[in-house]
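Undergrad: Just need the structure, nothing else, for what follows:
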Amino acid sequence: MSNVSANPGFRWGALLVAALFLMPWPARGFAQVAAPRVVTGDQAASAIRARIGLPADETIKAYVDAGAKDTKAHVLTDREWALVENAIADLPVLYRQTLERRLARLSFIDAPTSAGTALTRASKGANGELMFDITIRADVLEKSLSAFLTQKEAMLFSPDGSGYSVKVTAGQTSALTYILLHETTHVIDRALDLTMTGGPFRAIWTDYRSLAQPHADGTIAHSVYRREPKLPLSQSPALYQALGRSPFVSLYSTASAGEDFAELLAWRELSRRLGAPLKFQVLDARGAELVSVEPLTNAVVRSRFEAAQAAMTDARTASPDKL
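TA: Numbering: from 1, shown residues only. Here you go, the predicted structure:
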């Protein structure tokens with residue numbers, strides 16, 4: 001798609017756009033900052049660090065055109081550099097190597113009113129090769145994954161007097177690590193052309209954006225991520241119960257075949273390599289649990305982790321020059 005949209009789904013086109021949606025952050029839930037863990041002599045990590053810079057003018061314009069106010073380039077502080085280096089170090093080797101080859105620029109932006117968290121744009125490199133700019137809202141740098149996802153899920157619902165709330169438990173892993181995993185999976189997907197026509201899960205996706213039955217007519221299809229209106233909070237238990245019965249690792253996975261693929265591989269890495277949990281809870285006005293769903297314990301979801309990994313491996317084997 002040629003510009004950023006406030007809608008939670010995008011088409012492939014001149015620009016590859018992938019956005020993680022959330023509301024403005026409260027000042028809590030900071031990730032713990034540790035000393036940078038980048039392995040000495042890691043060529044890929046060094047190449048990624050060298051490509052961190054200010055966002056392109058057209059990227060800032062894309063955010064502004066989508067309605068974001070007070071948008072400007074973000075200059076990293078020393079503390080933030082440490083957070084970014086930690087997140088790069090958390091990436092698997094394949095992801096660092098993919099970014100070494102395909103990343104044109106990694107930027108951070110101050111866009112406090114933007115609905116989107118990350119924007120990945122495709123372009124042509126000097127030799128005509130496919131390259132990508134990844135731009136991330138700077139306010140995620142200080143967020144734990146739990147705080148990030150709790151705020152992200154809150155945007156799905158509108159207050160209705162029920163007193164219900166949604167809480168996500170995903171550990172203290174940095175939200176930036178998750179975002180880099182997710183966005184780099186989009187880069188891999190685009191480079192290997194995996195999900196343009198529905199991807200490896202044809203029983204779930206009839207094309208890039210259309211869910212197959214029974215999902216298309218089920219409760220799982222009725223969320224902001226499917227371009228539906230916000231739901232009253234009183235309907236949140238039914239939505240998360242539907243997630244628990246589904247093959248999806250998250251509600252955001254239902255946005256498109258590409259988001260499904262990116263969520264599967266991101267959560268495969270987060271859970272297996274970093275030990276991140278994932279629990280969605282709906283709480284009543286007293287804080288009592290009404291619904292609890294843990295997609296990482298779902299055998300169907302776990303099998304899809306391996307199917308997504310196998311699809312990526314097979315595509316790399318068939319076209320090793322693309323990554």
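
Undergrad: where's the residue nearest to Arg209 when sequence neighbours are not counted relative to Phe248, distance?
TA: The spatially closest residue to Arg209, leaving aside those adjacent along the chain, is Ser256, at 5.0 Å (Cβ to Cβ, 6 or more residues apart in numbering). (Glycine included, C-beta is placed from N, CA and C.) Relative to Phe248, Ser256 is positioned 12 Å away (Cβ to Cβ, to the nearest Å).

Undergrad: repeat for Leu194
TA: Leu194 is 17 Å from Phe248, by Cβ to Cβ.

Undergrad: Which one's more surrounded, those two?
TA: Neighbours per residue (other Cβ atoms under 10 Å) separate Leu194 from Phe248, with Phe248 holding more: 25 against 21.

Undergrad: Surely that one is in contact with Asn298?
TA: No: look at Phe248 against Asn298 with Cβ atoms under 8 Å: they stay out of range, at 9.0 Å.

Undergrad: Which residue ranges of the stretch 1-150 of the chain form strands?
TA: Per DSSP state E, counting those that start in this stretch, the stretch 1-150 of the chain carries strands over the ranges 72-73, 103-110, 118-124, 130-137.

Undergrad: Need the residue in this protein that's farthest from the chain's center.
TA: Computed with Cα atoms, centre = their mean, the residue of the chain farthest from its C-alpha average is Arg286, at 31.1 Å.

Undergrad: Quick check: pLDDT value at that one.
TA: With respect to pLDDT, Arg286 has a value of 97.

Undergrad: Also Gly125?
TA: 87.

Undergrad: pLDDT below threshold where in the stretch 51-200 of the chain?
TA: Counting by pLDDT under 70, the stretch 51-200 of the chain shows no low-confidence range.

Undergrad: coming back round to it: what's the neighbour count on the residue nearest to Arg209?
TA: 27.

Undergrad: My read is that it contacts Tyr208, right?
TA: Yes: here Ser256 reaches Tyr208: they are 5.6 Å apart, a contact under Cβ under 8 Å.

Undergrad: joint contacts of those two?
TA: Common neighbours of Ser256 and Tyr208, using Cβ atoms under 8 Å, 6 or more residues apart in numbering, are Thr195.

Undergrad: Would you map the helices across the stretch 151-300 of the chain?
TA: Listed in chain order, the helices of the stretch 151-300 of the chain (DSSP state H, counting those that start in this stretch) span 175-192, 236-244, 257-273, 299-318.

Undergrad: tell me what the shortest one is packed against?
TA: It stands for helix 236-244. Counting contacts by 3 or more Cβ pairs under 8 Å, 6 or more residues apart in numbering; DSSP states H and E, helix 236-244 is packed against strand 279-283, strand 289-293.

Undergrad: go on, the longest one?
TA: Packed against helix 299-318, as judged by 3+ Cβ pairs under 8 Å, 6+ apart, are the following elements: helix 175-192, helix 257-273.

Undergrad: Can you give me the pLDDT of the closest residue in space to Asp284 that isn't next to it in sequence?
TA: Residue nearest to Asp284 in three dimensions, not counting chain neighbours: Leu290, with 5.6 Å by Cβ to Cβ, 6+ apart. The model reports Leu290 with a pLDDT of 98.

Undergrad: how close does the most centrally placed residue in the chain get to Val291?
TA: Using Cα atoms, centre = their mean, the residue of the chain that lies closest to the mean C-alpha position is His182, 4.3 Å off. Distance, His182 to Val291, by Cβ to Cβ: 25 Å.

Undergrad: And Trp205, by the same measure?
TA: 26 Å.

Undergrad: Looking at the two, which is more packed in?
TA: Trp205 (23 against 18).

Undergrad: List the residues that contact that one.
TA: Thr195, Gly198, Gly199, Leu211, Ala212, Ser256, Ala257, Asp260.

Undergrad: Please apply the same query to Ala212.
TA: Arg202, Ala203, Ile204, Trp205, Thr206.

Undergrad: which residues make contact with stretch 45-54 from outside it?
TA: With Cβ under 8 Å, 6+ apart as the criterion, stretch 45-54 contacts 38-39, 73, 75-76, 84-85, 88-89, 96, 99-100, 103-107.

Undergrad: Buried by neighbour count, from those: which ones?
TA: Buried members of those, counted by 16 or more other Cβ atoms under 10 Å: 38, 73, 76, 84-85, 88-89, 96, 99-100, 103-107.

Undergrad: Out of those, which is nearest to Asp321?
TA: Distance ranking of those against Asp321, using Cβ to Cβ, places Glu100 first at 15.0 Å.

Undergrad: Report the contact partners of the closest one.
TA: Gln43, Ala44, Ala47, Ile48.
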